[in-house]
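Trainee: Dropping the sequence and predicted coords here.
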Amino acid sequence: MAQSRPVEAAEKAPDELDAVIVGAGFAGLYMLHRLHGLGLTARVFEAGNGVGGTWFWNRYPGARVDIESQEYSFSFSEDLEMDWEWTERYAPQPELLAYANHVADRFSLRSDIHLNTRVVSAIFDEAADRWAVTTDQGQVVSARYCIMATGCLSAAKQPDVPGAGQFRGETYSTAAWPEGGVDFTGKKVAIIGTGSSGVQTITTIAPQVGELTVFQRTPNFSVPAHNGPIDPDVAADWKANRETYRQMERESGIGIMALDPSEALALETSREDRERVFEERWARGGFCVATAFADIGADLDANNLAVDFIARKIRSIVRNPDVAERLIPKTYPFASKRICVDTGYFEVYNRDNISLVDLNETPIETITPAGIRTRDRDHAFDAIIFAIGFDAMTGALDRIDIRGRGGLRLKDKWAEGPLTYLGLMVAGFPNLFTITGPGSPSVLSNMIVSIEQHADFIADCIDHLASRQFSVIEPTPAAEKEWVTHVNELAAGTLYMQANSWYLGANIPGKPRVFMPYPGGVGVYRERCEAVVANGYEGFALTGASTAV
Ligand code: FAD
Ligand code: N01
């Protein structure tokens, strides 16, 4: 890492910064650490009153990672990796939040992080080549670079159910769960939504509540995590071989070693062998079920074999055959939406205190002061939990008034779907970077692998600009167009296009249907980024001469 210190911080007024970073999740934390390494003046604005992003907000019961703990962690510091001990195979939210706080302390990040501060606008001043960033606390700072570490899944979807404000009982959102938790003992609780957040919440609170009613619109594919205390041999092996494993992650498809993708084809494997492979992976747990055969993600017939296997699993677990049928996804291919990784999800439907309402048969008409009215009846509740997801990928950016050259609003530029070069920058928005932005592997990867790669790219880029006396970088419109076309072409050849998922913006009424993440894999993507740099930031225009960065 370059250690140049091109700016004399003491010479600057406090509101003149080299960089503003928006968001103090893992992306914002690592980005700040990298900028500190370059000796830049940087400030992080974070809307929450703590660091950790996803793991600060999503404190709902059962929240935990669906990638094995040692993989879902930073690799940039060997000392950090050697010192930190994960306790479970899939780390729970409190441990992930403690890890984020440890990172903030260990790398002396806190003094540059302003909590409880939401960025409301970022306006590019073309005369000065600087960003004017305004917060809801009335601060206005000027920064050469504006780095959006705002998160792909941080803008919670607002309840779009009629009457949502009328309910007189307790209302909760999994995406903004109260600190200190909620005691549901003996209560009649409703939950709307059966994505990963809903599945984890349902599984965890079912034994605690008086009665739980699950309002399901679309069932999700879920595979067992087989969570438990971390195997000490696995943890020791990881630490002993971390460099090899980390390199393998970086060169892989989605940045997860445990995925163990097979090259065998389901359609060319005998029924007996296929069954053995599926069973072995189901017993291993996690996403590896989806990579049991190479054609599951590409060929609908092969995919149907996986669907059939999982359907039989659900029927074998859930005792009520009618409930089992409703829990089996039938309208989209396996793994074309993010699959859930659970700890006894289907099993909870064997409890006497849980019932499933299929919203395809009896849609919600309205939320009432006492509960929820479906087409056939009124349900009374003490509490309603919304586990209804996020305005993903673009939502957090859309909620900020971002204006580039000529006053163009990012929201307007993206009216028909996000346009980026490499998911890192946007033509017409100089010196504005997006960490894990649309058009990058982001949510189709182990996000920490992708966050580290993006923050490294951005830090190295800023250092490059400073050392060459450039003050501005932005993608050319041609490079942006070529990249967007490339991403769309890759997505068109996948089964992702056959699901109404948040990857496509299909969960938000009125949002353009565009496949947002880059589906070509983190290894291929990284190579592309490296080639761009090796070719002198190919596709970017570097301009301006300045002694300051
Ligand atoms: P975030 O953690 O979302 O942080 C963004 C921060 O920006 C937030 O704190 C937010 O408050 C702040 N912010 C946004 N807008 C503004 C603004 N205008 N002003 C100030 N601050 C702002 N990924 C995986 O790879 N594996 C997993 O197992 C996994 N599990 C997940 C579980 C849940 C419940 C959720 C919601 C997501 C999960 N993800 C997972 C994705 C997860 O978001 C990423 O792994 C990672 O934590 C993202 O880090 P980030 O810093 O990019 O964004
Ligand atoms: O959100 P979702 P999430 N009426 O969008 C339903 C990550 N994550 O927060 O599918 C009724 O997946 C909606 O129904 P439908 C992970 O990447 C990871 O659960 O639109 N129902 C769906 O069932 C994940 O993919 C973990 O028909 C309504 C649910 O709400 C992403 O975050 C844990 C509705 C939303 O599911 C998002 O997951 C949590 C309405 N009006 C999150 N509106 C891990 O395990 C929405 N729904 C690591």
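Mentor: In hand now; what should we look at? Ligands and ions are numbered 1, 2, ... in the order given.
Trainee: Please put the alpha-carbon coordinates of the helix or strand harbouring residue 482 into CSV.
Mentor: Applying DSSP states H and E as the criterion places residue 482 in helix 477-492. Only the C-alpha atoms of helix 477-492 are listed here, as CSV (Å, rounded to 0.1, in the frame of the first residue of the first chain):
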residue,chain,number,x,y,z
PRO,A,477,-19.8,7.4,-21.2
ALA,A,478,-18.7,4.8,-23.8
ALA,A,479,-17.0,2.7,-21.1
GLU,A,480,-20.1,2.9,-18.9
LYS,A,481,-22.4,1.9,-21.7
GLU,A,482,-20.1,-1.0,-22.7
TRP,A,483,-20.1,-2.2,-19.1
VAL,A,484,-23.8,-2.0,-18.6
THR,A,485,-24.4,-3.9,-21.8
HIS,A,486,-21.9,-6.5,-20.7
VAL,A,487,-23.6,-7.0,-17.3
ASN,A,488,-27.0,-7.2,-19.0
GLU,A,489,-25.8,-9.8,-21.5
LEU,A,490,-24.3,-11.9,-18.7
ALA,A,491,-27.5,-11.7,-16.7
ALA,A,492,-29.7,-12.6,-19.7
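Trainee: any idea how far ligand 1 is from residue 497?
Mentor: From residue 497 across to ligand 1, the span is 22 Å (CB to the nearest ligand atom, to the nearest Å). All C-beta atoms are positioned from the backbone trio N, CA, C, and that covers glycine.
Trainee: Then residue 450?
Mentor: With CB to the nearest ligand atom as the criterion, residue 450 and ligand 1 are 8 Å apart.
Trainee: tally of neighbours for that residue?
Mentor: The local packing of residue 450 (other CB atoms under 10 Å) involves 28 other residues.
Trainee: Spell out the secondary structure type for it.
Mentor: Here residue 450 is recorded as helix under DSSP: H, G, I helix; E, B strand; the rest coil.
Trainee: Next, give phi and psi for the residue in the stretch 351-500 of the chain positioned nearest to ligand 2.
Mentor: Nearest to ligand 2 in the stretch 351-500 of the chain, going by CB to the nearest ligand atom, is residue 389, at a distance of 2.5 Å. Backbone torsions of residue 389, given as degrees, to the nearest 10, read phi 90, psi -160.
Trainee: can you check residue 439 too?
Mentor: Dihedral angles (degrees, to the nearest 10) for residue 439: phi 100, psi 0.
Trainee: That one: what's its closest spatial neighbour, skipping adjacent residues?
Mentor: Ranked by CB to CB, 6 or more residues apart in numbering and with sequence neighbours excluded, the top spatial neighbour of residue 439 is residue 423, at 3.6 Å.
Trainee: Quick one: name the residues of the stretch 401-549 of the chain near ligand 1.
Mentor: Neighbours of ligand 1 within the stretch 401-549 of the chain, by CB under 6 Å from any ligand atom: 435-436, 446-447, 451.
Trainee: Of those, which is the most crowded?
Mentor: When neighbours are counted by other CB under 10 Å, residue 435 leads these with 32 neighbours.
Trainee: What pLDDT is listed against that one?
Mentor: We note a pLDDT of 98 for residue 435 in this prediction.
Trainee: isn't it right next to residue 154, touching?
Mentor: No. Applying CB atoms under 8 Å, one finds residue 435 not in contact with residue 154, separated by 11.8 Å.
Trainee: near ligand 2, which residues of the stretch 101-250 of the chain?
Mentor: Applying CB under 6 Å from any ligand atom, we find that the stretch 101-250 of the chain lies next to ligand 2 at 153, 160-161, 192-198, 200, 217-218.
Trainee: Specify which member of those residues is nearest to residue 324.
Mentor: Residue 324 lies nearest to residue 194 out of these, by CB to CB, at 14.3 Å.
Trainee: The closest one is in contact with residue 203, isn't it?
Mentor: No. Using CB under 8 Å, residue 194 is not in contact with residue 203, being 10.9 Å away.
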